[in-house]
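# need a structure here:
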Amino acid sequence: MLLAMDKATVRVLVVDDEAGARAALKSLLETQGYAVDQAADGAAALERLVELPPDVIVTDLDMPVMNGMQFLGALREHGQDVPVIVVTSMTELSAAVAAMRAGATDYLTKPVDFDALLLAIERTLEQRDIRIENENLRRQVREQQGEGIQGLLGTSPVMQRVYRLARQVAGSRATVLITGESGTGKGEFARAIHALGPRASKPFVSVHCASLAETLLESELFGHEKGAFTGADRRRVGRFEQAHEGTLFLDEVSEIPLSVQVKLLTVLQERRFERVGGNESIKVDVRILAATNRDLAQEVSAGRFREDLYYRLNVVHAEMPPLRLRGGDILVLAEHFLRRFALEDHRSISGFRDRARLKLRGYRWPGNVRELENAIERAVVVCDGDQIDEEHLPYGESAGGSLEGIAVPGATMAELEKYAILKTLEAVDGSTVRAAELLDISVRTIQYRLHEYGLAKERGAEGKGVKSAKG
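Have a look, this model is predicted:
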């Protein structure tokens, strides 16, 4: 149970379209020592959530503009990990069950029993603290064993290089451009840099630049003054101000329109900006981390991205490796996701059968870590035993994990070496430098072998041109 002295530091956000119900809950919770904020619907709650992050949310399900279920979906979409208690009528119990599946931590029926609400809040906060403590302990063990940092897992050589880079850049204020395919963990890498650096106790604010229209993105980043445009009925603080003294992560930065790129460049250069519709110059101290799955150099050449902004963002470049190049990390991550989803769904599943492990290792995972996470969640749901088997995994035949046209046993070492070199070059878009790192051989060896295979002339300056590992 929470001590009275602790409650003053706990902020509760009450979301209900009935003003009387909001006021009553606010008054009762404040008598118990909680700090209470309120909102009339899910849309207003999202704004309050950004301005004054709560420790727990108590929300009605039946509301106009944005109801409770839509609010839960928006929380998940924005990556907000705030425990939510939903309140529903007896006739809406099916909706309450759906809300629990959508991420709510508890539910109460109307009329709300105040003692039950207090118990639910205390239980929710205790569960949150236990989860955080357990995750911190697991993270410390992983880091001590060299298995990962912060939200990143894996022991492969390519991930060890990622960990080293995160530790090297964490202490600086240099801008980092994180590239890599979708689902490789670019956002987790950004959070790791923030958590390992001197700004760890300050805000980490994330903006998904592709999800907002041009006018909305500018307001999201820089805020706006009351009356700046139709619907701007009050001043709004932007993400730059929210991230003051902390870190601002611009996800899918390649999708920022050119007009907004100009203003972003100004902030990076001068560390100050103006809200939309305002003329007050606001100074900020923010570290910028940016991510994209596009080739920004090509976007610059195509005229879709400013060259000067590209160089301001690309002070340090970090590339997240695709899952298909991470070897045994696939099983490490699969075990991690299995433990998590089995716990969430209250399932007693102990691990993977050998055939399932082979299938996990043989698949190329075009959707990377995100696809693996979804696959394991599905496997936990459909598994009817105590171990995951191959039929529980959602995909079909392996997309390239076998040695096409090469019999094992039966192939010579030269044939296996040729397959390994060409397949690795194909996976890294023909870069001999990256292929040499993965294969732990010299670039000269790869170039010599390509000459032997009669493929050297097909390759350009970056070593691109190998399209198949066959032959």
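# quick one: the helices in the stretch 301-450 of the chain, in order.
307-313, 329-344, 354-362, 368-382, 413-427, 432-439, 443-453 (DSSP state H, counting those that start in this stretch).
# any chance of those helices in CSV, plus mean neighbour count, mean pLDDT and distance to Glu218?
The C-beta positions use only the backbone N, C-alpha and C, and glycine is treated the same way. Conversion of the helices of the stretch 301-450 of the chain to CSV gives the following (neighbours: other C-beta atoms under 10 Å; pLDDT from 0 to 100; distance: least, C-beta to C-beta, whole Å):
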stretch, mean neighbour count, mean pLDDT, distance to Glu218
helix 307-313, 18, 95, 15
helix 329-344, 18, 89, 37
helix 354-362, 17, 85, 43
helix 368-382, 19, 93, 29
helix 413-427, 17, 82, 39
helix 432-439, 19, 84, 37
helix 443-453, 15, 85, 45
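# of the ones you listed, which approaches Met159 most closely?
Among these, the nearest to Met159 by C-beta to C-beta is helix 329-344 (6.3 Å).
# Pro53 is nearest to which of the helices of the stretch 301-450 of the chain?
helix 329-344 (23.2 Å).
# reformat the helices of the stretch 301-450 of the chain as JSON lines; add distance to Gly197.
Shown next, in JSON lines, are the helices of the stretch 301-450 of the chain (distance: least, C-beta to C-beta, whole Å):
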{"stretch": "helix 307-313", "distance to Gly197": "18"}
{"stretch": "helix 329-344", "distance to Gly197": "25"}
{"stretch": "helix 354-362", "distance to Gly197": "34"}
{"stretch": "helix 368-382", "distance to Gly197": "23"}
{"stretch": "helix 413-427", "distance to Gly197": "32"}
{"stretch": "helix 432-439", "distance to Gly197": "26"}
{"stretch": "helix 443-453", "distance to Gly197": "33"}
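# how many residues are close by Arg22?
19 (other C-beta atoms under 10 Å).
# mind listing what's buried along the helix or strand hosting it?
Element membership for Arg22 (DSSP states H and E) is helix 19-31. Using 16 or more other C-beta atoms under 10 Å as the burial criterion, the residues of helix 19-31 that qualify are 21-22, 25-26, 29.
# so what's Leu25 up against?
14, 16, 36, 58, 112, 117 (C-beta atoms under 8 Å, 6 or more residues apart in numbering).
# looking at these, which is nearest Glu390?
Distances from Glu390 to the contacts of Leu25, taken by C-beta to C-beta, are shortest for Val58, at 43.8 Å.
# the closest one against Arg11, yeah?
No. At 11.6 Å, Val58 and Arg11 do not qualify as touching, with contact defined as C-beta atoms under 8 Å.
# and the two? which has more neighbours close in?
Per other C-beta under 10 Å, whichever of Val58 and Arg11 has more neighbours is Val58, with 27 against 15.
# then the more buried one would be within a helix, right?
No. Val58: not assigned to a helix; according to DSSP: H, G, I helix; E, B strand; the rest coil it is strand.
# so how far is Val84 from it?
To Val84, Val58 is 8 Å away according to C-beta to C-beta, to the nearest Å.
# do Asp354 as well
With distances taken as C-beta to C-beta, Asp354 is found 40 Å from Val84.
# tell me the centre residue of this protein?
Gly187 (4.4 Å; C-alpha atoms, centre = their mean).
# out of the buried residues of helix 19-31, give me the two with the largest separation.
Using C-beta to C-beta, the pair of the buried residues of helix 19-31 lying farthest apart is Ala21 and Leu29, separated by 12.4 Å.
# and Val205, what element?
Going by DSSP H and E, Val205 is part of strand 204-208.
# which residues sit against the helix or strand following that strand?
Counting by DSSP H and E, the next helix or strand C-terminal to strand 204-208 is helix 214-222. With contact meaning C-beta under 8 Å, 6+ apart, helix 214-222 is reached by 207, 209, 212, 228-229, 232, 236, 238-240, 256-257, 259-260, 263-264, 267, 273-276.
# in PyMOL, how would I select the buried members of the residues you listed?
To isolate the buried members of the contacts of helix 214-222 in PyMOL, using 16+ other C-beta under 10 Å:
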select buried, resi 207+209+212+228+236+238+239+240+256+260+263+264+267+273+274+275+276
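# one step back: for the helix holding Arg22, the distance to its chain's centre please.
When distances are taken as C-alpha atoms, centre = their mean, to the nearest Å, helix 19-31 is centred 35 Å away from the chain's centroid.
# just the angle between it and strand 56-60, please?
Counting by axes from the mean of the first three to the mean of the last three C-alpha atoms, to 10 degrees, helix 19-31 lies at 150 degrees to strand 56-60.
# and stretch 220-230, average pLDDT?
On average, the pLDDT along stretch 220-230 is 82.
# C-alpha coordinates for it, PDB please?
The C-alpha trace of stretch 220-230 is given here as PDB (Å, rounded to 0.1, in the frame of the first residue of the first chain):
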ATOM      1  CA  GLU A 220       3.600  19.500 -32.900                       C
ATOM      2  CA  LEU A 221       7.300  20.400 -33.000                       C
ATOM      3  CA  PHE A 222       7.200  24.100 -32.200                       C
ATOM      4  CA  GLY A 223       3.800  24.600 -30.500                       C
ATOM      5  CA  HIS A 224       1.400  27.400 -31.400                       C
ATOM      6  CA  GLU A 225      -0.200  30.500 -29.900                       C
ATOM      7  CA  LYS A 226      -3.900  30.900 -29.300                       C
ATOM      8  CA  GLY A 227      -5.600  32.000 -32.500                       C
ATOM      9  CA  ALA A 228      -2.700  31.000 -34.700                       C
ATOM     10  CA  PHE A 229      -5.100  29.000 -37.000                       C
ATOM     11  CA  THR A 230      -8.600  27.700 -37.000                       C
END
